[in-house]
Structures are given as C-alpha cells and as structure tokens.
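> sequence first, predicted coordinates after that:
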Amino acid sequence: MGRDTVIVSALLALVVSCARTQQIPLTMPAEIKPSEIPLVERLRRIGLGNDPEMEALAQAVRNDASARVREVIVVWRGPDRELAAKAKSLLGRINELALPLLLEVAGTNPPADDAWLLRTSAAAAEALHQKVAVRLNQLLQDKRAIPPAEVHGLKEEETPPPRRICDEAYLLARRLLNPNESVQAYNDHANQFLNLPVKEKDAQILSTRRSRSWRKWLVEEPQ
C-alpha cells in the first residue's frame, strides 16, 4: 500500500461531562443569538436525542473552526503577493488543519500554486496518518474492557461479545491498512475477530503490530 494512496478520514469526538443541580431551559431566549452563547452552555440546552439541534450546533462548530482557515486561503489567493506569501507560509504551518479546505480549491490556482498545494496536502495527509498510527499503536496494547452497550436487535438472552480498547484499535488499524476493503468484508472480519478467544485476538493484534505494512507508518516502531 503506497502512502500517496491512503485517504485518512479523520474522526473527531467532543466529550463534555457536566453536573448541575439547577434545571436549565431547553430553549434559548429569542434576544440572544446562538453564536453568543458558550459552546458548553449550548450543549446543556440540547436534549439528548434532539438530532436537529445537535446537527445545527455541529455545523456551527465546523463553520467556526474553518472561518479563520478560509480567511488565510483567501489572502493566499489574493492580489497582494507579499501578503499572499505570508499566508502561504502560515498555511504550510497549519497544513493538517487546512487540508480539507485546501483541497476544495485544488485545480483552481495558477500551476505553481496548485503544485505547492498538492505537495502540502500530501505531506499533511501522511503526517496525519502517522499520528493516528502512532496513537493506535499505543492503544493496541490497552487491555481495558469496554462496558457492554445496548445492542439493538438482540434478544434478552443474547449478549454481544466482550470488547477491549485494543480490540477496537485493531479494527481501526485494519481499516487504515485496507482502505479498499468493502464494508461487507470489514464487517465479516470484525464479527469473526470479536468472537475469537482472547488469546487468539491478542495473537492477531501482535501480528498486526509486527507487520511491515504497519511499522512503516510508525515514527516509533513497536518493541
């Protein structure tokens, strides 16, 4: 698997745990704009399961996160070439953050700028993949059990196979190593793997950590 063929999908999770004794209303006063309310407060006001409000907040967070990057990209593509050079330097330093937005304008710039954009994007994708792999390599050794969650469609007497942090890390590592694997093939392997005895799962995890295809993505190779 060549490094330039790997597409890394980044998954970001925001976990907020708060305890309040007072009851907080689920609706916001009309005179206060949502953007003026702190993020944690907006999360408190959204009821669990309220998908429309959560999606609206998710879009607001995405917009806030990308606004500054878009501003820098506009300057880089602008007529002030001295300022554009500075913006280019800044984009090169935040390349992983800017990657999705840079790809949006790929192919619409002068040849020299597009060549730089492609080199920068490739370096950012590779760096992000390496960071994911290094952290996953640590989690592949994490034997903590994951509390069983509710699984829809199971009968009362049925229980899902036990999972550990390292099991989840193994399944994600497999997806990174096999980007062209079909969803069905992945699910079949995941079900088979999760139902293996612990010793056999540990053997597959260790085999993955020692494989050449995995080690080449690590800054620090596993011991």
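Cool, got the structure.

> pLDDT on the helix ranked longest in the chain, on average?
Among all segments of the chain classified by DSSP state H, the helix with the greatest residue count is helix 111-139. Mean pLDDT, computed over helix 111-139, is 90.

> per-residue pLDDT, residue 15?
The per-residue pLDDT reported for residue 15 equals 24.

> report the separation between residue 88 and residue 70.
Plainly put, residue 88 is 15 Å away from residue 70 if you go by Cβ to Cβ, to the nearest Å. (Glycine included, C-beta is placed from N, CA and C.)

> so which strand or helix has residue 214?
For residue 214, the host element (DSSP states H and E) is helix 212-215.

> please identify the buried residues of that helix?
For helix 212-215, the neighbour count (16 or more other Cβ atoms under 10 Å) marks residue 214 as buried.

> just the CA coordinates of that helix, formatted as PDB?
As requested, the backbone C-alpha atoms of helix 212-215 are provided in PDB (Å, rounded to 0.1, in the frame of the first residue of the first chain):
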ATOM      1  CA  ARG A 212       5.900  -4.400   7.900                       C
ATOM      2  CA  SER A 213       2.900  -2.600   6.500                       C
ATOM      3  CA  TRP A 214       2.000  -1.300   9.900                       C
ATOM      4  CA  ARG A 215       5.500  -0.500  11.200                       C
END
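
> if we can go back for a sec, in terms of neighbours, single out the busier of residue 88 and residue 70.
Using other Cβ atoms under 10 Å as the criterion, residue 88 and residue 70 rank with residue 88 on top: 19 against 14.
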